[in-house]
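Chemist: Need the 3D shape of this:
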Amino acid sequence: MDSQPTHVAAVFDEQSLVGALRAGHDWAFEAMVRTYGGRLLAVARRICGNEEDARDVLQSAYLSAFRSLGGFAGSCQLSTWLHRIVVNTALMRLRSKRRKPEDSIEALLPAFQEDGHHVEQFSDWALPADRLLEREDVRRLVRQCIARLPDNYRDVLMMRDIEEQSTEDVARHLALTPNAVKVRLHRARQALSTLLRRELTTEAVCQ
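Modeler: Now for the predicted structure:
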């Protein structure tokens, strides 16, 4: 292992770190993990919902980052670039763990009566997913229900509500228009609300 330069103990700039990473210096990898590892693990943990998957995702993301270093143009911060890689890796892991065919979201959207009113009465469940995850009593159910959403809706929900990325960033990342992202997010929140009401009703009946 090569020795760590004395200046690394001080604050380094990202350009120098990227250059050292491209050159294959061991100290640069250690500096990257020490600087960004904690927040990146937190991102993976929020998406995956468990520690084991989150750590696997982070290791895979590091490997992907090293393979892609040559294409990192520096147009964004290194931390932003790493964050995107972790999000992508975590979402792909969620997709790979799904065993059932993708469901249509239509059955999960609110139904309307002829007069235009909702068939079901809505409560405060129609909230952004990050707000619902703040409620400890429903956190487990929220994660389970998010995992049951079709991939294209779940990805938008995770990126906007959980990762708090902007509509424009999500649109660019998923090759959608900003309006399409807004529509999918709205429908995903409605579907999540429906799933939560069903699960809570089932739990109440079984108690």
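Chemist: show me the contacts for the residue nearest to residue 153 when sequence neighbours are not counted.
Modeler: If the residues on either side of it in the chain are set aside, residue 153 comes closest to residue 188, at 4.0 Å by C-beta to C-beta, 6 or more residues apart in numbering. Where you see a C-beta, it was placed from the backbone N, CA and C, and this is true even at glycine. Contact analysis of residue 188 by C-beta atoms under 8 Å, 6 or more residues apart in numbering lists 105, 149, 153-154, 156-157.
Chemist: domains in the protein, as residue ranges please.
Modeler: According to automatic domain parsing, the chain comprises the domains 6-97, 106-206.
Chemist: Pick out the shakiest of those, pLDDT-wise.
Modeler: Lowest mean pLDDT within the domains of the chain: domain 106-206, at a mean of 75.
Chemist: Counting residues, name the longest helix you see in this structure.
Modeler: helix 178-206 (DSSP state H).
Chemist: wait, what's in contact with the spatially closest residue to residue 184 that is not a sequence neighbour?
Modeler: Leaving out its chain neighbours, the residue that sits closest to residue 184 by C-beta to C-beta, 6+ apart is residue 156, at 4.4 Å. Contact analysis of residue 156 by C-beta under 8 Å, 6+ apart lists 170, 174, 181, 184-185, 188.
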